[in-house]
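With the input below, show me the fold.
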Amino acid sequence: MAGVRAGSSGGGRGVLTAVRGALAFLTRLPVGGGERAWDAFRTTPVAFVVAGYVVGALVALPHTLPVPVPTVVACYLATLYLVTGVTHVDGLGDLGDAAAVHGTAVDRRDALEDPGTGVGGALAVGLALVALALAGLGVAGAGPRVAARLVLAAEVSAKVGMAVLVALGSPGHEGLGSAVVGEAGGASLLPVVAAAVPAALAAPTGATPALVATLLAGPTVALLVGRWATLALGGVTGDALGAANELGRVAALHAGVIAWTLW
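Predicted structure coming up:
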């Protein structure tokens with residue numbers, strides 16, 4: 001908790017350092033990093049959300065291109081993983097392998113640490129990518145202005161979900177999760193919520209319900225992932241954080257498309 005106090009006393013400079021650490025952890029952007037940025041990031045959950053805005057703005061760019069919808073979706077997927085890398089996808093695959101294990105928490109943790117990808121992991125990643133592509137098609141059909149806002153909100157939503165797990169979860173076995181989860185308490189979610197609200201403001205006509213649904217989906221999925229990880233693995237691991245990010249994005253986009261279609 002000393003890290004939280006130190007981070008908060010640094011004011012805006014400390015938050016900027018934390019955001020640089022978040023971008024170094026969550027993306028492949030050449031922002032630098034280092035131990036100071038990492039320490040600031042892991043005790044400042046709101047940095048996840050700010051990084052979500054940066055990622056969302058970049059990956060929304062393909063939706064502004066005057067090209068056919070399938071091309072937009074292909075460019076969106078390519079841009080997404082060029083910007084974010086595949087670390088979180090790997091976490092989803094590892095969690096899929098663990099979920100496929102019929103055994104104890106120790107057996108599931110052993111599956112997490114196995115460098116190979118099993119059937120469970122391949123299925124989890126494959127289904128997530130298909131669901132993401134289908135969501136991309138639905139989003140693109142809403143038109144460039146609404147689509148770009150939904151994509152931005154989906155990234156913010158997924159990062160809010162990660163922040164929720166970091167603030168409320170209990171760390172699992174020693175590793176990345178234990179270095180991040182539990183370093184900040186529930187009070188740190190107040191700035192997280194405040195930072196996420198602008199993603200639903202100044203929305204194109206009729207898009208506000210869709211943006212709100214998008215923002216709520218990510219943390220909902222993250223809480224479900226965190227609950228499963230706590231029961232099945234003994235706590236929230238780094239792989240659970242990565243899976244919450246990937247699944248939260250998919251759920252957020254689908255929620256936004258459903259809300260846009262219905263309302």
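
Could you list the low-pLDDT ranges of the stretch 51-200 of the chain?
The stretch 51-200 of the chain contains residues with pLDDT under 70 at 173-176, 178.

Would you map the helices across it?
69-84, 87-99, 105-113, 119-140, 144-168, 176-180, 189-196 (DSSP state H, counting those that start in this stretch).

Next, the angle from the fifth one to helix 119-140.
Here helix 144-168 runs at an angle of 140 degrees relative to helix 119-140 (axes from the mean of the first three to the mean of the last three C-alpha atoms, to 10 degrees).

returning to what we had before: compare the helices of the stretch 51-200 of the chain and report which one is nearest to Gly256.
Gly256 lies closest, by C-beta to C-beta, to one member of those: helix 144-168, at 4.4 Å. No exception for glycine: its C-beta is placed from N, CA and C like everyone else's.

so how far is that closest one from its chain's centroid?
Mean-position distance between helix 144-168 and its chain equals 7 Å (C-alpha atoms, centre = their mean, to the nearest Å).

Packing partners of that helix?
helix 46-59, helix 119-140, helix 189-196, helix 208-233, helix 238-262 (3 or more C-beta pairs under 8 Å, 6 or more residues apart in numbering; DSSP states H and E).

In a markdown table, list those helices along with mean neighbour count.
Output for these, formatted as a markdown table (neighbours: other C-beta atoms under 10 Å):
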| stretch | mean neighbour count |
| --- | --- |
| helix 46-59 | 24 |
| helix 119-140 | 18 |
| helix 189-196 | 18 |
| helix 208-233 | 22 |
| helix 238-262 | 25 |
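
Test my guess that Ala124 contacts Asp94.
No. Applying C-beta atoms under 8 Å as the test, Ala124 and Asp94 come out as separate, 9.1 Å apart.

possible to save the helices of the stretch 51-200 of the chain as a markdown table with distance to Tyr53?
Formatted as a markdown table, those follow (distance: least, C-beta to C-beta, whole Å):
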| stretch | distance to Tyr53 |
| --- | --- |
| helix 69-84 | 13 |
| helix 87-99 | 17 |
| helix 105-113 | 30 |
| helix 119-140 | 17 |
| helix 144-168 | 6 |
| helix 176-180 | 20 |
| helix 189-196 | 8 |
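
Could you work out which of those helices reaches nearest to Pro45?
helix 144-168 (3.8 Å).

Mind listing what's buried along the closest one?
Residues 144, 146-168 are the ones in helix 144-168 that count as buried (16 or more other C-beta atoms under 10 Å).

try stretch 86-94
Buried residues in stretch 86-94, counted by 16+ other C-beta under 10 Å: Thr87, His88, Val89, Asp90, Gly91, Leu92, Gly93, Asp94.

check which helix or strand covers the nearest residue to Thr17 once chain neighbours are set aside.
Of all residues not flanking Thr17 in the chain, Ala40 sits nearest, at 4.3 Å (C-beta to C-beta, 6 or more residues apart in numbering). Ala40 is part of helix 35-42 when elements are defined by DSSP states H and E.

which other helices and strands contact that helix?
Helices and strands touching helix 35-42, by 3+ C-beta pairs under 8 Å, 6+ apart, are helix 2-9, helix 11-26.

Average pLDDT for that helix, rounded please.
Mean pLDDT, helix 35-42: 89.
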